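*Asks:* Predicted model and sequence below, questions to follow.
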There are 2 protein chains.
Amino acid sequence: MVTIADVARAAGVSPSTVSYVLSGRRSISEDTRRRVQHSISELGYHPNAGARALASSRTNVLALVVPLRTDLNVPVVMQFVAATVTEARTYDHDVLLLTKNEGPDGLRRVAASAIADALIVMDVETSEPRLPVLRSLHRPVVLIGVPADPGDLTCVDLDFTAAGAASVTHLADLGHREVALIGPSPAVYKRGTSYAGRFLRGFRQTATKRKVRAGSFPCAPSYDALRACLDDVFAKHPGVTGLVVHNEAILGPLLSELNRRGKQVPRDISVLAVCPEDMAEAQSVQLTSIAIPAAELGSLAVEMAMRRLDDGGQAEVRLLSPRLTERGSTGPAGT
Amino acid sequence: MVTIADVARAAGVSPSTVSYVLSGRRSISEDTRRRVQHSISELGYHPNAGARALASSRTNVLALVVPLRTDLNVPVVMQFVAATVTEARTYDHDVLLLTKNEGPDGLRRVAASAIADALIVMDVETSEPRLPVLRSLHRPVVLIGVPADPGDLTCVDLDFTAAGAASVTHLADLGHREVALIGPSPAVYKRGTSYAGRFLRGFRQTATKRKVRAGSFPCAPSYDALRACLDDVFAKHPGVTGLVVHNEAILGPLLSELNRRGKQVPRDISVLAVCPEDMAEAQSVQLTSIAIPAAELGSLAVEMAMRRLDDGGQAEVRLLSPRLTERGSTGPAGT
DNA sequence: CTGAAAGCGCTTACAG
DNA sequence: CTGAAAGCGCTTACAG
């Protein structure tokens, strides 16, 4: 194993000088820097992470707490994770993966043993039970989602309330008077997952304002559940002409079922999806959609965590404005 | 921050005794152990990871190198990752996530800076370009997948050759004389991804042996690509009565398309899927399938990595036998 | 612009 | 059965 002493010897300087060349924390003569850099690459030196962490109390590791359920949208989680890891690397950090079911003890362990400098937490609930622990960790925490009372914790998410509103506005503008929201699994609502409730609220408020009849239909991610859900929609809303789908897992099956039932999109019924862009494009009918910007959220979360680490900065709640892209699955009502 | 010295003081022993209580590397009187344990939980002590790593040259971290492509099956990757993290925790290890696009330098960095004790590498290609680097790391490496020449690297995977064979055997036994394999995206074959080629080989060999006419049709993960692919299948194999689908992303769309074309499963055409169990069960028709045991592979990989860390054990190539479950999407040919 | 040295919090021979 | 002490490989005041 190559140590800083080896590099120092090879370059004819002291170990501290090598360290300063690496950190840039003091000025080094051009000549010395060059000799050190040369020895470093010559020897293939990489600072020992444990020693560095011990001496500096910085690990250069971000802990990412992910849910590993299957009722959540898996591709969205993956996109988020990928963006987080990629962005973290641009700050010279690595990502440690923790699962939600490690619970409060796991969070305490990671913080107390100084395994990570900061935490990014996905799948936040409205009355998030982990909030007290997270606050007690004395480490920067970035929540993906917005709990009822974030306090001094940083949050970032899509503005789901605005997204819910935008979905109704779009359909109302097209003349639809009766719409249905096909939402996430009942389990997601039961858990009080932050985004589900916020979307629904925006959806309902705007429906009232725009005098659009609106119903909400949670749907479990299975073919049978979807069929039952659609039956329910058409029974309760015989005049429905617009569907807002906030449930990525059943997008494909939904389009098949509509087709099987002889409903053409958008002629007979408009469909607006809330999902990642690529998913909206990959369906049998290209879907008008409000994007779930998983990748942006991932890199933003890292950026915010890094900022809090560096400047000790202020907590903030950052909500990304929804972006709606028309792709032809929505059209005027009653044509 | 609570240190081992704090615990020692509170328990009235030396720091080394606390360390030995934690590691169990020497016998401690029952009384001392109890006092120490009590102080530990009293103070909420967790050993500093960096200090421990520095002193012991063990990080208790496993690095997991994952592909972050979208042409790979995302749920399978997630299941694998989840199982890896969960299993690692049972060995008191954490998981560091690396992306494949960090490349050889990333692998070298992780090994040289002693961030992780061992590596688990997913998405291995037949002529895997990372093999030389991986061998040079002097750390246990477990590959998910089997390269042409694994050498002294440990490998674990489903026996895809046997799986390909089993798929044909199942259909041939049911009397099918002409079958088509709808495989992974052409990009997957082009890349030489290990499992795709192995499955195809088993499929072809057994088709020849059983005198079954067989064709192979790679399919990109989009609705349009699927339609074109099916057109191709029926053009080249007008007498086809069995479909083997080794491409999870297009399972749902495939069933919709068959339905739209008036082909009933399994009356008109049998469908056998290669995918995780829950996916086979979630389709509009419950699918007879050969399971992709993502979770088992994840925990096996961790187990094998831990064994190599502890006993320095032998390298091995471990192939799990395929398991076929009948669910009614396959039936006798020509009824 | 650079070096010598203390110290980060553990583990583990060495000693008794 | 237990303790004192060296040492792991860095960073960072302290000094010049």
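*Replies:* Yep, that arrived.

*Asks:* Please tell me how far the closest residue in space to A:Ser136 that isn't next to it in sequence sits from A:Pro132.
*Replies:* Distance criterion CB to CB, 6 or more residues apart in numbering or on different chains; nearest residue to A:Ser136, sequence neighbours excluded, is A:Arg108 at 7.9 Å. (Glycine included, C-beta is placed from N, CA and C.) Per CB to CB, to the nearest Å, A:Arg108 is found 11 Å from A:Pro132.

*Asks:* about what we covered before: surely the residue nearest to A:Ser136 is in a helix?
*Replies:* Yes. Under DSSP: H, G, I helix; E, B strand; the rest coil, A:Arg108 sits within a helix.

*Asks:* could you pull out the helices for chain A?
*Replies:* Along chain A, counting by DSSP state H, helices occupy A:4-11, A:15-23, A:30-43, A:49-56, A:74-90, A:103-112, A:131-136, A:160-173, A:186-190, A:194-209, A:223-236, A:251-260, A:277-281, A:294-311.

*Asks:* circling back: so the residue nearest to A:Ser136 makes contact with A:Val133?
*Replies:* Yes. The criterion here is CB atoms under 8 Å, and A:Arg108 meets it with A:Val133 at 6.4 Å.

*Asks:* any idea of the pLDDT on A:Arg69?
*Replies:* pLDDT for A:Arg69: 72.

*Asks:* Contact partners for it?
*Replies:* With contacts defined as CB atoms under 8 Å, 6 or more residues apart in numbering or on different chains, A:Arg69 is in contact with A:Asp123.

*Asks:* before we move on, what about A:Val95?
*Replies:* By CB under 8 Å, 6+ apart, A:Val95 lies in contact with A:61-64, A:81, A:84-85, A:88, B:96-97.

*Asks:* before we move on, what about A:Ser329?
*Replies:* A:265-266, A:270-273, A:285-288.

*Asks:* With adjacent residues omitted, what lies nearest to A:Arg89?
*Replies:* Spatial nearest neighbour of A:Arg89, chain neighbours left out: B:Glu102 (7.0 Å); criterion: CB to CB, 6+ apart.

*Asks:* before we move on, the earlier item: as JSON lines, the contacts of A:Val95 with pLDDT would be great.
*Replies:* Listed next are the contacts of A:Val95 as JSON lines, based on pLDDT from 0 to 100:
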{"residue": "A:Val61", "pLDDT": "97"}
{"residue": "A:Leu62", "pLDDT": "98"}
{"residue": "A:Ala63", "pLDDT": "97"}
{"residue": "A:Leu64", "pLDDT": "97"}
{"residue": "A:Val81", "pLDDT": "94"}
{"residue": "A:Thr84", "pLDDT": "97"}
{"residue": "A:Val85", "pLDDT": "96"}
{"residue": "A:Ala88", "pLDDT": "97"}
{"residue": "B:Leu96", "pLDDT": "97"}
{"residue": "B:Leu97", "pLDDT": "96"}
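
*Asks:* DNA strand D: which of those residues is nearest?
*Replies:* A:Val61 (14.4 Å; CB to the nearest atom of the strand).

*Asks:* What score does the closest residue to that closest one other than its chain neighbours have for pLDDT?
*Replies:* Distances taken as CB to CB, 6+ apart put A:Ala116 closest to A:Val61, at 4.5 Å, once the chain neighbours are dropped. Note for A:Ala116: predicted pLDDT of 97.

*Asks:* I'd guessed A:Ala116 sits against A:Arg58; true?
*Replies:* No. Using CB under 8 Å, A:Ala116 is not in contact with A:Arg58, being 10.3 Å away.

*Asks:* who has more neighbours, those two?
*Replies:* Using other CB atoms under 10 Å in any protein chain shown as the criterion, A:Ala116 and A:Arg58 rank with A:Ala116 on top: 26 against 13.

*Asks:* which residues touch the more buried one?
*Replies:* A:59, A:61-63, A:96, A:110, A:139.

*Asks:* okay, those residues in CSV with neighbour count and distance to DNA strand D next?
*Replies:* Shown next, in CSV, are the contacts of A:Ala116 (neighbours: other CB atoms under 10 Å in any protein chain shown; distance: CB to the nearest atom of the strand, whole Å):
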residue, neighbour count, distance to DNA strand D
A:Thr59, 24, 11
A:Val61, 24, 14
A:Leu62, 26, 18
A:Ala63, 24, 21
A:Leu96, 22, 20
A:Val110, 23, 20
A:Arg139, 18, 17
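
*Asks:* farthest pair in those residues?
*Replies:* Greatest spatial distance among the contacts of A:Ala116 (CB to CB): A:Leu96 and A:Arg139, at 12.7 Å.

*Asks:* Make TSV out of the contacts of A:Ser329 and add pLDDT, neighbour count and distance to B:Ser27.
*Replies:* Output for the contacts of A:Ser329, formatted as TSV (pLDDT from 0 to 100; neighbours: other CB atoms under 10 Å in any protein chain shown; distance: CB to CB, whole Å):
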residue	pLDDT	neighbour count	distance to B:Ser27
A:Val265	90	22	73
A:Pro266	93	22	76
A:Ser270	97	25	74
A:Val271	97	23	69
A:Leu272	98	29	68
A:Ala273	97	28	64
A:Val285	90	17	71
A:Gln286	93	15	70
A:Leu287	96	27	67
A:Thr288	97	24	70
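
*Asks:* So which of the residues you listed are in strands?
*Replies:* Counted as lying in strands by DSSP state E, out of these, are A:270-273, A:288.

*Asks:* Which of the residues you listed sits closest to B:Thr325?
*Replies:* Using CB to CB, the ones in strands among the contacts of A:Ser329 come closest to B:Thr325 at A:Ala273, 32.5 Å.

*Asks:* Does that closest one have any beta-bridge partners, and if so which?
*Replies:* A:Val245, A:Ser289 (DSSP bridges).

*Asks:* ok, it to B:Ser41 distance?
*Replies:* Taking CB to CB, one finds A:Ala273 at 50 Å from B:Ser41.

*Asks:* again with A:Asp224
*Replies:* Separation of A:Asp224 from B:Ser41 (CB to CB): 48 Å.

*Asks:* With A:Pro266 instead?
*Replies:* Distance from A:Pro266 to B:Ser41, by CB to CB: 62 Å.

*Asks:* swap in A:Gly192?
*Replies:* With CB to CB as the criterion, A:Gly192 and B:Ser41 are 32 Å apart.

*Asks:* for A:Val240, same thing?
*Replies:* From A:Val240 across to B:Ser41, the span is 58 Å (CB to CB).

*Asks:* Neighbour count: those two, which is higher?
*Replies:* A:Val240 (20 against 9).

*Asks:* give the contact list for that one.
*Replies:* Taking CB under 8 Å, 6+ apart as the test, what A:Val240 contacts is A:178-180, A:215, A:233-234, A:269.

*Asks:* Equivalent analysis for A:Asp159, please.
*Replies:* A:Asp159 touches A:319-322, counting by CB under 8 Å, 6+ apart.

*Asks:* Of these, which is the most crowded?
*Replies:* When neighbours are counted by other CB under 10 Å, A:Pro322 leads the contacts of A:Asp159 with 22 neighbours.

*Asks:* surely A:Thr169 meets A:Arg210?
*Replies:* Yes. In terms of CB under 8 Å, A:Thr169 counts as a neighbour of A:Arg210; the distance is 7.0 Å.

*Asks:* Can stretch A:215-230 be said to contact chain B?
*Replies:* Yes. Counting by CB under 8 Å from any CB of the partner chain, contacts between stretch A:215-230 and chain B involve A:221-223.

*Asks:* Tell me how far stretch A:132-140 lies from the chain's centre.
*Replies:* Relative to the centre of its chain, stretch A:132-140 is centred 20 Å away, using CA atoms, centre = their mean, to the nearest Å.
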